[in-house]
Structures are given as C-alpha cells and as structure tokens.
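Chemist: Kindly return the folded structure for what I paste below:
(2 chains)
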Amino acid sequence: MKKQKITVIRPNGNSGNPRRQFLKMGGLAVAGAGLLIACSKDDMSQMPDVQPKPISGDGDDMTPENGIFDLGEGDLGVLNYAYALEQLEADFYTKVVNGFYSNISEEEKIVLTDLYNHEVNHREFFRAAITGAVEGNTDLVLPDLEFDYGDLDFGSRDQVLNIAKTLEDTGVTAYNGAGRLLMNPLYLVLAGKIVSVEARHASAIRSLINPGSADFAGDDVVSVDNALDGALDPSQVLAAVAGLGYVKTAFTANFLP
Amino acid sequence: MNLIKFLDEFTTDNLVAKRSSRREMFGTFGSLGKKAVMSAIPFGLAAMPAKIFAQDSGNAAVDALQLALTLEYLENEFYNLAINCTVLPDGRPRIVYEQIAKHEAAHVDFLIAGLEGAGVEPVAKPEFDFTAGGMFDPFIENGTDKETAYAQLLALAQAFEDTGVRAYKGQATNLQGTPFLTAALQIHSVEARHASEIRRLRGLKGWITGNERGAGMPEATQAVYDGEENITQGGVDVTTLGDGSPFSIDASTEAYDETITGDTAVAIASLFIKS
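Modeler: Residues are numbered from 1 along each chain as shown, chains lettered A, B, ... in the order given. As a prediction, this is how the structure comes out:
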C-alpha cells in the first residue's frame, strides 16, 4: 500500500480550487475486478458534483498500479466506509487513553476509556465482518490506515474533547446518511446498533464540554425545525474528515455518493 | 416479557427502593387488573380505538411510522407535563428536559406531516396516564413527596428514551427502501442523545452495560433492557475479536444497542395509555 499524504482543506473553506477540498485521490482506483464490472454507468451518473476528482485528471490514474484503495460500491463500499471512520475513532481514543491529559477528572477518564473500548470493538468488528463478506478476497478490505494528528495536543483537555465531539458527531451524521445506501437489512440493523452508541457518545462528550447545558443535543447539531440529527453522504463526510488532516493513507470512494 | 411482574413492581415504593409488604404488593396487583389485561392483549386488539394502534395497515412502513408517532406522542406529553410541573429542579434538569421537550414536540409534528404527505391519516393521540393507574405520581397530582416524584420523573424518562432508541432501531428494516428511512434514523440518533443525557443525569453511564437497567431503576423496567446483553453481532461473537478491555463482555455489550420489536414497544407504551 502506497502511502500518500492527503492534502485537503475544509469543505466549508473558500478555496479557489474546489478540487482540493477532497481527498487527494488518483481517480478510479481498481480495488477488484468484480467492483468494476458491477459499476454501471447509472451509478456514475448519479454521483453528485462533489465526487472526489483526480487531482491530475489523467486517465493514467485509473490503473491498478496506482495502488490506491477504493472503498467499493454497494454494501461493501458502505462497510469499508464505516470501517475507515471507526479506524480513525479507535486510533484517536487509543492515543487519548495512552496519555490522558493532566488533571483529568475520574468521570472523564471513565467516559474516554469506554469510548476507546467501544470504538476499538467497532473497528475489529468491521474488519471481521468485511473480511467475512468478501470471502477471503482481502484485496477488497480497507487496509489499516495511518494517522498523524499533527499539532493536536493530547495533553489539552479542550483539544481532546473537541476532537472527540467532532468525531462522534461526524460518526452519527455518517451512519445516518449511509443507512439508505445499504441493501442488506442485516447491515442496516448493525449500522443502527452502532449509530445510537455513537450518538450516546456524542451526547456525553458534549455534556462534559458544557455541563448543565442543552448541548448534549444542541441546536448546533439537531435541527431546530424538525429536531433531526445530521445525515450526510459519504463524499461530504469524507471531505470533512479529510479536512481534519489526520488520515494519512489515501483511499477513494468513487462508487459511493 | 412478564407484564404482570412489570406492573406489579413499577411502583412508587419500588422507585425509591423501599420494600413493599406482601400485602401492599397484592393490593397493588389487584388494582392493576384492567391495565394488565390490556397490556397483555396484542397491539391493536385491546380496548383502545383501532385507529390509535393501526399496526395492521398492510404496509410495514406505514405501521412503523404510526408506531413511531405513538411513541412520540407519549414522550411529547410526558415532557410537556414535566416542564410544567413543580417537580423538576432548576438548572441542569430543567434545561435538559426543556431541550428534549422541544425535540419531541417537533418529532410529533414532523411525523404527522410525513404521514399526511404520504396520504396516510396519522393515528390519533391516545389519552395518556403517567400514573399508570395510580402507581406513580411523577407530577405530584396525588400528593407524593417531591423527592419521590423527581425520582419517578427521571426513571420514566430513562425508560422512555432507552425504549425509543430500541423501537426506532427495530423499525429500520420496515422503512428500508422508503424515503422515510433517513428521517427515522435522524430521529433515532436524537433519541439516543437524549437517552445518554438522562442516564448521565441519573448518575449512570450514557450507554447500556449488559442488560443492566442501572442503579435506581426498579426491576419492573427490566423489559426495556432485556436482550441488551447480546454479544453476537452479524454472527460474530465480538468478545473474540481481540484481547483486552475493548473485548470484555461489558464493553462488547455497551458498544452495540439492540432492537426491540414493535409488539414489545407497544406493550411498554401501553402501560401509560388510558384509551
């Protein structure tokens, strides 16, 4: 697996170059022959404009030698997508619990340790579930991603809790948006079992950040008119995740909306 | 689920961890006859108007939405009464309940609009009885002391929220392939946020460990938590996926919320429905 730096900016930034808002990807990576065959023209035409586009825009990028993993399409693509997000969460909390910020309260230690436990469990579940689903064709399983948190100060309570909030809220939004993409009802139920735990996490972290407030389900994240949580397509979520700058392994999501 | 046991034990006395005498237990039991019979009758066949629990429209998605609306009616009325009574302390409890009340009201409106938009008549709002036939007094309508009433207010909220999360999850596959799935998921995660905060307000973790209903919850609420001890996800025993604390039984159950069927959700809600 070739490691590439993801060079992105936040999706809400006012970049002069919208293509840079997305994961720097080599276009249509070939993850497995089956996926390419199964990819109809319709799938492509339904993709929104925000679809990650090749930076170099060269047909040569669409070759397997490029070595960039694509999440795949359909249920497999969604599972790999969830696996990517869980890898990030699990890795983040692993770093958090391996060096708690100073003066951490007992309550915060318990919450963050639980989140570490849950997210590592989720990560390993997806690894096992996807590996089982592809019947041994591990080329279709998202590889272990590499992360680098740059300037993030794990010794800072504010920084750790705020990134935790972002990751948990993002997870909720991602699973909510991905549910409709799943065809297998078993996967839908599994996603449901996980998303509500992510929402419980988000609520708890928000409550730690601003105790005694309405932030656990704040107006910034639950719509005021209909009281709905967020739901975003994978391309939107991945753009936001890439905007954090923590994911160092490039991958594409060319078959997901 | 043992509804008789549920009704028998979900009492004011038990909520504050006092032991009822056997005689009192029998007395309570006797007064619950009607309630228990209603609860034991399958959804839609009890003495309730058929239109309230029209779970038999022949359309699984419509049934799912009608069930969701019924649960939202219940939560909506519960939180409205809660924020308008004197039991709720100022500060965090009031702020939390007011935010949740706002959401549940919006969910009711949203589901009604969705059903009407789909050309379906929404179920009517049932008449609720949060005393469950006189067992509780969360809004101090019958002279219960404030401490007990507040304990009931919190315990009922936890039971409703944790039930709501499981009920929405249980309906997801009935909504699959419809435009309502995403919206239902967006409500589902809001209910989970509520559940977490109410649990934390009660001094519990925001997530469910095993099938533990949590300290201070009467044994009668166990039906809300039964099945949460599951460790097999997608055919995989998740405790076997690695070593260390993430794969303990506790963590492996906390990391996944479980579904309940529509029937179970209705049976729980029915305890608080008069007609």
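Chemist: CA atoms for contacts and neighbours, from now on please.
Modeler: Will do.
Chemist: which bits of the stretch 1-150 of chain A sit near chain B?
Modeler: A:111, A:114, A:116-122, A:124-125, A:128-129 (C-alpha under 8 Å from any C-alpha of the partner chain).
Chemist: Give me the subset of those lying in strands.
Modeler: If you go by DSSP state E, the residues of the stretch 1-150 of chain A next to chain B have nothing in strands.
Chemist: for these, which one is nearest chain B?
Modeler: Set against chain B, the nearest of the residues of the stretch 1-150 of chain A next to chain B by C-alpha to the nearest C-alpha is residue A:117 (3.8 Å).
Chemist: how about the nearest residue to the closest one, chain neighbours excluded?
Modeler: residue B:246 (3.8 Å; C-alpha to C-alpha, 6 or more residues apart in numbering or on different chains).
Chemist: The one you found - how many residues pack around it?
Modeler: 25 (other C-alpha atoms under 10 Å in any protein chain shown).
Chemist: Which single residue in chain B comes nearest to chain A?
Modeler: Counting by C-alpha to the nearest C-alpha, chain B gets nearest chain A through residue B:246, at 3.8 Å.
Chemist: where does residue A:221 land on pLDDT?
Modeler: Note for residue A:221: predicted pLDDT of 98.
Chemist: Checking my notes, it in a helix, right?
Modeler: No - read with DSSP: H, G, I helix; E, B strand; the rest coil, residue A:221 is coil and lies in no helix.
Chemist: my guess is the residue nearest to residue A:117 meets residue A:118, correct?
Modeler: Yes - distance between residue B:246 and residue A:118: 6.1 Å, which falls inside the contact criterion (C-alpha atoms under 8 Å).
Chemist: Distance check, the residue nearest to residue A:117 against residue A:124.
Modeler: From residue B:246 across to residue A:124, the span is 10 Å (C-alpha to C-alpha, to the nearest Å).
Chemist: Up against chain B, what does the stretch 151-257 of chain A have?
Modeler: Going by C-alpha under 8 Å from any C-alpha, the residues of the stretch 151-257 of chain A near chain B are A:172, A:176-177, A:179-180, A:185-190, A:192-197, A:199-204, A:207, A:211-214, A:216-217, A:222, A:224-231.
Chemist: Now that we have those residues, which of them are buried?
Modeler: Listed as buried from these are A:172, A:176-177, A:179-180, A:187-190, A:192-197, A:199-204, A:207, A:212-214, A:216-217, A:222, A:226-231; burial here means 16 or more other C-alpha atoms under 10 Å in any protein chain shown.
Chemist: any idea how far residue A:89 is from residue A:83?
Modeler: Distance from residue A:89 to residue A:83, by C-alpha to C-alpha: 10 Å.
Chemist: Pretty sure the residue nearest to residue A:117 sits in a helix.
Modeler: Yes - applying three-state DSSP, one finds residue B:246 inside a helix.
Chemist: ok, it - contacts?
Modeler: Going by C-alpha atoms under 8 Å, 6 or more residues apart in numbering or on different chains, residue B:246 touches A:116, A:117, A:118, A:119, A:120, A:121, B:252.
Chemist: Show me the shaky parts of the chain.
Modeler: Defaulting to chain A. A:1-66 (pLDDT under 70).
Chemist: Hmm, no, I was thinking of chain B.
Modeler: Looking at chain B by pLDDT under 70, you get B:1-56.
Chemist: Nearest residue to the middle of the chain?
Modeler: Just going to use chain A. residue A:85 (3.1 Å; C-alpha atoms, centre = their mean).
Chemist: wrong one, I was asking about chain B
Modeler: Closest-to-mean residue, chain B, C-alpha atoms, centre = their mean: residue B:160 / 2.6 Å.
Chemist: The residue nearest to that one when sequence neighbours are not counted: how many residues sit nearby?
Modeler: Spatially, and ignoring its direct neighbours in sequence, residue B:160 is nearest to residue B:75 (7.0 Å; C-alpha to C-alpha, 6+ apart). For residue B:75, the neighbour count with other C-alpha under 10 Å is 25.
Chemist: tell me the SS of residue B:75?
Modeler: helix.
Chemist: before we move on, the earlier item: which one of residue A:89 and residue A:83 has more residues nearby?
Modeler: Counted by other C-alpha under 10 Å, residue A:89 and residue A:83 do not tie: residue A:83 has more neighbours, with 26 against 23.
Chemist: Pull out the buried positions in the helix or strand hosting the more buried one.
Modeler: Assigned by DSSP states H and E, residue A:83 belongs to helix A:74-97. Neighbour-count burial for helix A:74-97, with 16+ other C-alpha under 10 Å as criterion, is recorded at A:74-94, A:96-97.
Chemist: With stretch A:121-134 instead?
Modeler: A:121, A:122, A:123, A:124, A:125, A:126, A:127, A:128, A:129, A:130, A:131, A:133.
Chemist: Repeat that for stretch A:112-122.
Modeler: Result for stretch A:112-122 [16+ other C-alpha under 10 Å]: buried residues A:112, A:113, A:114, A:115, A:116, A:117, A:118, A:119, A:120, A:121, A:122.
Chemist: could you dump those to TSV with distance to residue B:100?
Modeler: As requested, the buried residues of stretch A:112-122 are exported to TSV (distance: C-alpha to C-alpha, whole Å):
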residue	distance to residue B:100
A:112	25
A:113	27
A:114	25
A:115	24
A:116	28
A:117	28
A:118	26
A:119	27
A:120	30
A:121	30
A:122	28
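Chemist: with those residues in mind, which one is nearest to residue A:141?
Modeler: For those, the minimum distance to residue A:141 (C-alpha to C-alpha) is 15.1 Å, reached by residue A:122.
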